[in-house]
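>>> give me the fold of what follows.
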Amino acid sequence: MSKVDSVSAARSAGSVHSELDQLGVNVIRGLAMDGPERASSGHPGTAMALAPLAHVLWTRIMRYDAGAPDWPDRDRFILSCGHASILLYTMLYLTGYGLELDDLKAFRQWGSRTPGHPEYGCAPGVELTTGPLGQGFATGVGMAIAERWLRSRFGPATCDHRIFGICSDGDLEEGISHEAASLAGHLGLGRIVYIYDDNHITIDGPTELAYTDDVAKRFASYGWSVVSLGEVANDLDAIEGGIREAIAEADKPSLVILRSHIGWPAPHVTDSAKAHGDPLGREEIGLTKAILGLPDEDFYVPESVLTYYREAGRRGREDRLAWEMVQERLPSAGREAFRAALHLRAPAGWAEKLPSFEPGASIPTRRAIKTCIDATKEALPFIVAGSADLTGNTGVALDGAIDQEPASPGGSQVHYGIREHAMGAAMNGMALHGGVLPVGGTFFVFSDYMRPAVRIAALSRTHAVYSWTHDSIGLGEDGPTHQPIEHLAALRAMPGIRVIRPADANETAAAWKLAVELDGPTALVLSRQAVPVLTETANALENLPRGAYVLTELGPAGEPQLLLIGTGSEVALCLEAARSLASGTEPIRVRVVSLPSFELFAEQPESYRDDVLPTGVPRLAVEAASSFGWAAYADDTVKLDRFGASAPGQVVMDKLGFNVENVARAGRELVRRAGESSRSRTSHGESQRQ
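Residues are numbered from 1 along each chain as shown. Next up is the predicted model:
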């Protein structure tokens, strides 16, 4: 259908309720003003300008059932410019998702379901958390990958929907949108339809202060279909026609460019930064409502408008019921496989396929994770793995996997290219869409590029697995730019993410099992260099989920005099140092503890934590990274509060103090200081008694 034909069809279909349509649009604009005004905070202008677009999407375009917001084959909606959240909340209220008018009145207030930016889990119909600009745009790319992957695997009768989104100047200025748009164009993700709100305004003022891109040419160069609508932001039929033209493009993602006027029709702030970032004020709202023909009444929603939108919200019920009937008629094996994918339900006994590694071998944990994934991938068919160009280096190259491409939409190997930021967001999209367990890899130092998306994953509790390798100065010659120092501390400081740094291949297998079975994001922090498979980790599948456990005690009989606590490759070093301390001329009884996950250990009962790390015993932590955060568990650390160096990995480790001699020396010194402190306290106590 040509653009002219599609617009004509839209006009014919959309003109029946034109007066009620316009009243509905004006009511949306009224609520967009009232919510921020009541809160004395918020962004009314974009929501006012895009009220006609929202009306078209929810009443004419999107396939959804407001009464069943989790219907797997619904269209997804993304408000990437999340500061305009009042627009989304208004539509969810009007169409019957479960929000009430009181929720709009509680906009941005403590405990409300309508926070300042959309947050996944706060209200039905909020598909994802969109705070930092560009995140929603890039997350939608992951949703489109998941939709196409599931459609390829299970057929269009089971999965056949689109990803709609609204993005802004801010989204397109952020670098993540460049990465994600390039990836989406390369992959030919034809189910993406984004509408770009080209309003020419930022908080600082006109976008031309810093932004003069030719957006249409930029997206065309990425391989997108571009529909430039121009000045039609108030023309419902023209908006619908443009979106339907984009929908008709099956092989490319589409960008519909809509020139709008922020704050329209407010008489004094339209096209101003004031309309972007601040409530309009009572006087301006009254004048604007008069222009719109609305009563000067807060949160005005006439029954006719509410009935109209509620009917639109129920319109998809027939589609959903028809979909459910089709599912029931499908062969049971396929139906159950789809349900298992949606819930990431691994078959009983899948973990029996995990490899067991023989003590004495020497294996990089990045190689161990590949062995684990390959051994279990047949039992976990919902895995979609990929890396930011470093696929072979990060352990996520699946044996026998087909690459995800337009010609192979069911491929489970994604080549993200050198786009860590977009990869992180796309993984969120796949996880939030459902049906896919995304596994993504890069060097640990480049987790910095992913950090905003990882933070969104932690906020949203998305089930994603990061394979972050080359975890320390042990990577060697690439030098300080590639050697992570502060990264473990920074990730451990982030609520909601599970960070696991396994000591060897057997702990890696246990970590993979947890990453698959537990909700929320898991970071596997893995070594480039080979590390010995330890006899003491034979029961890692049982012990690692506790976050920390006792590996061994060495030395004279009695209670331990020193705790050596290690993570990752330094656990083997702790064992060597313990042997040295236990067998010297003045032997010390040493307990060695592996502490692969601060987060898992913190979840254990206090009694267990005290058993592993008894009070009153000097504790020395050994980790080739920043000491920040270790005060919770250790009295002192063999650490690295400086950047690394370029040299062979073992040389760097040795020169910077990660060797048996230095760890043993630090252990003896800590025991000596503890003894002096104890004697001092005893002497002081005796003096007091005298």
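
>>> now do the phi/psi pair for residue 566.
Torsion angles at residue 566 (phi, psi; degrees, to the nearest 10) stand at phi -130, psi 160.

>>> contacts only, for it.
503, 572, 573, 574, 592, 593, 594, 595, 621, 622, 623 (C-beta atoms under 8 Å, 6 or more residues apart in numbering). All C-beta spots, glycine's among them, are computed from the backbone N, C-alpha and C.

>>> okay, it and residue 552: tell me how far apart.
As judged by C-beta to C-beta, to the nearest Å, residue 566 and residue 552 stand 12 Å apart.

>>> if we can go back for a sec, the contacts of residue 566 in helices, which ones?
572, 573, 574 (DSSP state H).

>>> of those residues, closest to residue 615?
residue 574 (20.1 Å; C-beta to C-beta).

>>> pull the contacting residues for the closest one.
Contact analysis of residue 574 by C-beta under 8 Å, 6+ apart lists 564, 565, 566, 592, 622, 663.

>>> sheet partners, orientation included, of the strand or helix carrying the first one?
Counting by DSSP states H and E, the element that carries residue 564 is strand 562-566. In the sheet, strand 562-566 lines up against strand 590-594 (parallel), strand 619-622 (parallel) (DSSP bridges).

>>> quick one: the longest one to chain centroid distance?
Translated: strand 590-594. Distance of strand 590-594 from the chain centroid (C-alpha atoms, centre = their mean, to the nearest Å) equals 35 Å.

>>> next secondary structure after it?
Following strand 590-594 in sequence, per DSSP H and E, is helix 598-602.

>>> just list what that next one packs against, helices and strands only.
Under the contact criterion of 3 or more C-beta pairs under 8 Å, 6 or more residues apart in numbering; DSSP states H and E, helix 598-602 touches strand 498-500.

>>> endpoints of stretch 450-468, how far apart?
11 Å (C-alpha to C-alpha, to the nearest Å).

>>> ignore the last one, stretch 617-626
23 Å.

>>> show me the strands in the stretch 251-400 of the chain, by range?
Secondary structure of the stretch 251-400 of the chain (DSSP state E, counting those that start in this stretch): strands at 254-259, 362-363, 383-387.

>>> who's in contact with the helix or strand hosting residue 164?
Using DSSP H and E, residue 164 maps to strand 163-168. Applying C-beta under 8 Å, 6+ apart, the external contacts of strand 163-168 come out as 46, 50, 53, 57, 61-62, 75-81, 84, 133, 136-137, 140, 143-144, 147, 177, 191-197, 199.

>>> could you dump the strands paired with strand 562-566 to CSV with mean neighbour count?
What follows is these, written out as CSV (neighbours: other C-beta atoms under 10 Å):
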stretch, mean neighbour count
strand 590-594, 26
strand 619-622, 25
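
>>> I'd like those strands as JSON lines, with distance to residue 487 appended.
Below are those laid out as JSON lines (distance: least, C-beta to C-beta, whole Å):
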{"stretch": "strand 590-594", "distance to residue 487": "20"}
{"stretch": "strand 619-622", "distance to residue 487": "17"}
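
>>> out of those, which gets nearest to residue 225?
Nearest of these (C-beta to C-beta): strand 590-594, 53.2 Å.

>>> touching that closest one from outside, list them.
Under C-beta under 8 Å, 6+ apart, the answer for strand 590-594 is 503, 507, 536-537, 543, 548-555, 560-567, 571, 574-575, 577-578, 581-582, 612-613, 617, 667.

>>> do you know which of the strands paired with strand 562-566 lies nearest residue 490?
Nearest of the strands paired with strand 562-566 (C-beta to C-beta): strand 619-622, 17.1 Å.

>>> re the thing from before, among the contacts of residue 566, which two are most distant?
Longest span within the contacts of residue 566, C-beta to C-beta: 572 and 621, 14.9 Å.

>>> hmm, back to that, paired strands for the strand holding residue 164, with orientation please.
In the sheet, strand 163-168 lines up with strand 76-79 (parallel), strand 192-198 (parallel) (DSSP bridges).

>>> and this protein, what are its domains?
Using automatic domain parsing, the domains assigned to the chain come out as 3-78+135-320, 350-540, 543-679.

>>> return the most buried member of those.
domain 350-540 (a mean of 22; mean count of other C-beta atoms under 10 Å).

>>> need the contact list for residue 71.
If you count contacts by C-beta under 8 Å, 6+ apart, then residue 71 has 64, 65, 316, 320, 323 around it.

>>> flag the shaky bits of the stretch 351-500 of the chain, pLDDT-wise.
Within the stretch 351-500 of the chain, no range satisfies pLDDT under 70.

>>> how about residue 490: what's its closest non-neighbour residue?
residue 451 (7.9 Å; C-beta to C-beta, 6 or more residues apart in numbering).

>>> how much space is there between the one you found and residue 435?
Distance from residue 451 to residue 435, by C-beta to C-beta: 26 Å.

>>> three-state assignment of the closest residue to residue 301 other than its chain neighbours?
Among residues not flanking residue 301 along the chain, residue 27 sits closest, at 5.7 Å (C-beta to C-beta, 6+ apart). Following DSSP: H, G, I helix; E, B strand; the rest coil, we place residue 27 in the helix state.

>>> mind pulling up the pLDDT for residue 27?
Here, the pLDDT recorded for residue 27 equals 98.

>>> got a list of what it touches?
94, 294, 300, 301, 302, 305.

>>> relative to residue 300, how far out is it?
Going from residue 27 to residue 300 by C-beta to C-beta gives 7 Å.

>>> now list whatever residues contact both of those two.
Applying C-beta under 8 Å, 6+ apart, one finds that residue 27 and residue 300 are jointly contacted by residue 294.

>>> give me the low-pLDDT residue ranges for this protein?
Checking the chain against pLDDT under 70 turns up 1-17, 678-690.

>>> returning to that earlier point: any idea how far residue 519 is from the residue nearest to residue 490?
Residue 451 is 21 Å from residue 519, by C-beta to C-beta.

>>> again, but for residue 106
Distance of residue 106 to residue 519, given as C-beta to C-beta: 28 Å.

>>> contact partners for residue 445?
470, 481, 482, 483, 484, 487 are the contacts of residue 445 under C-beta under 8 Å, 6+ apart.

>>> please name the nearest non-neighbouring residue to the second one.
Distances taken as C-beta to C-beta, 6+ apart put residue 445 closest to residue 481, at 7.5 Å, once the chain neighbours are dropped.

>>> next: the third one.
Spatial nearest neighbour of residue 482, chain neighbours left out: residue 445 (5.4 Å); criterion: C-beta to C-beta, 6+ apart.

>>> and that neighbour, how far is that from residue 494?
Per C-beta to C-beta, residue 445 is found 16 Å from residue 494.

>>> one more: residue 325?
When residue 325 is compared with residue 494 (using C-beta to C-beta), they lie 44 Å apart.

>>> residue 674 too?
Taking C-beta to C-beta, one finds residue 674 at 33 Å from residue 494.
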